[in-house]
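Undergrad: Sequence and computational prediction follow.
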Amino acid sequence: MLYWFLLALAISCEIIGTLTMKWASLNGHAAGYIFMLAMIALSYIFLSFAVKKIALGVAYAIWEGIGILFITLFSVMLFDEFLTPMKVAGLAMLVAGIVLVKSGTTGREEKKHVIA
C-alpha cells in the first residue's frame, strides 16, 4: 500500500510540476521554473521508490498515463486549451491502455504459482 501511495505522490508532483511549467512560461517568473524543477525531481524520486515493489512497466504506465490525463484536463480548465473529440478519444485509449497493462501484470506471488 505504501508503494501505491508513493506512486500517487509521484503522479501529483508530475502534474503540479508540468502545470507550473506552463504557468511560468506564460508569466516569466523565475521562481516558477525553480518550483517546476523541484516538483519534477520529487516526482522521479517518488517514482523510484514506488518501483521497488510495483512492476516498472505498470508504475511508469500509470505515472505517465494519469499524468497526461490530468494535465490535459487541468490545461483545459486553467489555460483555456481546447479538448477536441480526437483528444477525448486519445485519452480514452490511454486509460484503456493503462488498464490493460495493469491487468496483464501478475504479482510476484501469483507469478510463482503460474510458473510452478
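TA: Yep, that arrived.

Undergrad: Give me the helices and strands touching the lengthiest helix in the chain, please.
TA: Identified as the longest helix of the chain according to DSSP state H is helix 2-27. The helices and strands touching helix 2-27, judged by 3 or more CB pairs under 8 Å, 6 or more residues apart in numbering; DSSP states H and E, are helix 30-50, helix 56-79. Where you see a C-beta, it was placed from the backbone N, CA and C, and this is true even at glycine.

Undergrad: what's downstream of the last one, the next helix or strand?
TA: Okay, so that is helix 56-79. Proceeding N to C from helix 56-79, the next assigned helix or strand is helix 85-103, under DSSP states H and E.

Undergrad: buried ones in that following helix?
TA: Leu91, Leu94, Ile98, Val101, Lys102 (16 or more other CB atoms under 10 Å).

Undergrad: How about the third one, nearest residue that isn't a chain neighbour?
TA: Of all residues beyond its chain neighbours, the one nearest Ile98 is Gly65 (4.3 Å), with distances taken as CB to CB, 6 or more residues apart in numbering.
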